[in-house]
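Engineer: Let me see the structure of the following:
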Amino acid sequence: MREFPLNHKKIAADRLIPFGFQQYGDGYRYSADLLNGQFTLELYVTREGGLRTRLVEKELNEEYTLHLVPDAAGGFVGAVRAAYQAALDQFIQSCCETDIFKSEQARRVIEYVRQTYGDELEYLWKKFPENAVFRRRDTRTWYGAILTVSRAKLGFDNDEVVEIIDLRMQPEQLARMIDGKRYLRGYHMNKENWFTMVLDGSVATEEIFSHIDDSYRIAAQRPSKRGNKRETGSGAHKI
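Structural biologist: Okay, here's the model as predicted:
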């Protein structure tokens, strides 16, 4: 068995049995034939949520590993590699969730939005997988964004990487709120209508929830295309 890295993903245990896994020791095991039965792919999910894989060539009853060698070339090994990757892609799509934001406050924010508005984060930028937005389903307008950034880019004096949330606020209220410490001008957003908070506990979680509610209401007033272009146009390409 070989460890398979789940970059920015986590396994959803409740999806394993419906996919075809069976309990195996203190984990879960799945097997499937590849390439017309020439190979058997075995997947094992550990108790800790890791993934291990094993590809067995049936005729020899031995583990096959050439598909894992980057320099290995040829039509056959290429077909094996493609079939192996397709099977893992299917597993990831069916049994995994995006898992990027790690801070306790970010996780509580994500769960609050899920439970209150039924919205999930949308990961819009392949080049920036550690940034995502919340969008209203009726107007298709963003009302929040969770981003990963260094404190230095926020105007602080250190390079610690933190998770932040950008939310909308009425300009007159925003002008009174900004203090350069707890409440910052919107990072990569229109600074007249957006503000930023670091998800490190400096602002109470319940207070953040209240700001999310306000931002959600404000977003209802803005047309989707004009609003998003005006409010996030330049930032969306820089995030």
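Engineer: can you map out the helices along this structure?
Structural biologist: 16-19, 75-95, 104-117, 171-177, 205-219, 224-238 (DSSP state H).
Engineer: What does the pLDDT read for residue 221?
Structural biologist: Looking at residue 221, its pLDDT is 83.
Engineer: What separation do you get for it and residue 215?
Structural biologist: Per C-beta to C-beta, to the nearest Å, residue 221 is found 11 Å from residue 215. Every C-beta, even on glycine, is put in place using the N, C-alpha and C of the backbone.
Engineer: circling back to that earlier point, out of the helices of the chain, which is closest to residue 191?
Structural biologist: helix 171-177 (8.5 Å; C-beta to C-beta).
Engineer: List the contacts of that closest one.
Structural biologist: 169, 183, 192, 193, 194, 195 (C-beta atoms under 8 Å, 6 or more residues apart in numbering).
Engineer: Residue 221 and residue 215: which is more packed in?
Structural biologist: residue 215 (22 against 10; other C-beta atoms under 10 Å).
Engineer: Enumerate every residue touching that one.
Structural biologist: Neighbour list for residue 215: 143, 144, 167, 168, 169 [criterion: C-beta under 8 Å, 6+ apart].
Engineer: want to throw these into a markdown table with neighbour count, distance to residue 209 and pLDDT?
Structural biologist: Listed next are the contacts of residue 215 as a markdown table, based on neighbours: other C-beta atoms under 10 Å; distance: C-beta to C-beta, whole Å; pLDDT from 0 to 100:
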| residue | neighbour count | distance to residue 209 | pLDDT |
| --- | --- | --- | --- |
| 143 | 25 | 13 | 97 |
| 144 | 24 | 11 | 97 |
| 167 | 26 | 11 | 97 |
| 168 | 27 | 15 | 97 |
| 169 | 21 | 14 | 95 |
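Engineer: As JSON lines, the residues you listed with distance to residue 82 would be great.
Structural biologist: Rendered in JSON lines, the data for these read as follows (distance: C-beta to C-beta, whole Å):
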{"residue": "143", "distance to residue 82": "41"}
{"residue": "144", "distance to residue 82": "39"}
{"residue": "167", "distance to residue 82": "44"}
{"residue": "168", "distance to residue 82": "45"}
{"residue": "169", "distance to residue 82": "49"}
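Engineer: which residues does residue 44 bridge with?
Structural biologist: Beta-bridge pairing of residue 44 under DSSP bridges involves residue 29, residue 52.
Engineer: Hmm, it is touching residue 26, no?
Structural biologist: No - taking contacts as C-beta atoms under 8 Å, residue 44 lies outside contact range of residue 26: 10.8 Å.
Engineer: Next one: residue 195 relative to residue 179, how far apart?
Structural biologist: From residue 195 across to residue 179, the span is 10 Å (C-beta to C-beta).
Engineer: show me what contacts the closest residue to residue 6 other than its chain neighbours?
Structural biologist: In space, residue 6 comes closest to residue 51 once its chain neighbours are excluded; the distance is 5.9 Å by C-beta to C-beta, 6 or more residues apart in numbering. Contact partners of residue 51, counting by C-beta under 8 Å, 6+ apart, are 3, 4, 6, 11, 43, 44, 45, 91.
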